[in-house]
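> Here is my input; please provide its structure:
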Amino acid sequence: MKKIGIACDHAGYQMKEFLVGYLSTKGYDVIDFGTHSEESIDYPDFGHALAEAIENGNLTQGIALCGSGEGMAMTLNKHAKIRAGLCWNSDVAALIRQHNDANVIVLPARFIDNDTAITLVNTFLATDFEGGRHVRRVEKIACK
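Next up is the predicted model:
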């Protein structure tokens, strides 16, 4: 069974719940880092938990959601082994995998609908890293 992590804040809660159900029907074991309600919370608490699970090798990929997506992207990208990309269309979802070897897709829950979220997640999960000239660039992303 394929495993993927997911994390959100209160603004992304409804879309996260929708995606957990969708991914489960597609054969994914979804590890839900929360949040677990629409009660106001601090998104870094959940973003860091997802990032740490990827960094320690328990997961290889994740999905993060918050209102704009920006807060989660900033939080996740503080981790040296995380390459999180904020996506709003399928071209961006493909490019963050092809060129940046992104391991987390970040969705702006207040600005996309559930159908768009499915399209973006499916694109992200189905797209491979191109390697080649991009390897050198990706290696330069993490701070030493």
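> quick check, residue 14 in a helix?
Yes: assigned with DSSP: H, G, I helix; E, B strand; the rest coil, residue 14 falls within a helix.
> Hmm, it is touching residue 38, no?
Yes: counting by Cβ atoms under 8 Å, residue 38 is a contact partner of residue 14 at 7.3 Å. Yep, even glycine has a C-beta here, placed from its N, CA and C like the rest.
> got any ranges where this structure has weak pLDDT?
Residues of the chain meeting the criterion pLDDT under 70: 1, 130, 143-144.
> So which residues of it form strands?
Secondary structure of the chain (DSSP state E): strands at 2-8, 28-32, 62-66, 84-86, 104-108.
> Next, format those strands as CSV and append mean neighbour count.
As requested, the strands of the chain are arranged in CSV below (neighbours: other Cβ atoms under 10 Å):
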stretch, mean neighbour count
strand 2-8, 22
strand 28-32, 16
strand 62-66, 28
strand 84-86, 24
strand 104-108, 27
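> okay if I get those strands as a markdown table plus distance to residue 127?
Output for the strands of the chain, formatted as a markdown table (distance: least, Cβ to Cβ, whole Å):
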| stretch | distance to residue 127 |
| --- | --- |
| strand 2-8 | 14 |
| strand 28-32 | 16 |
| strand 62-66 | 14 |
| strand 84-86 | 11 |
| strand 104-108 | 10 |
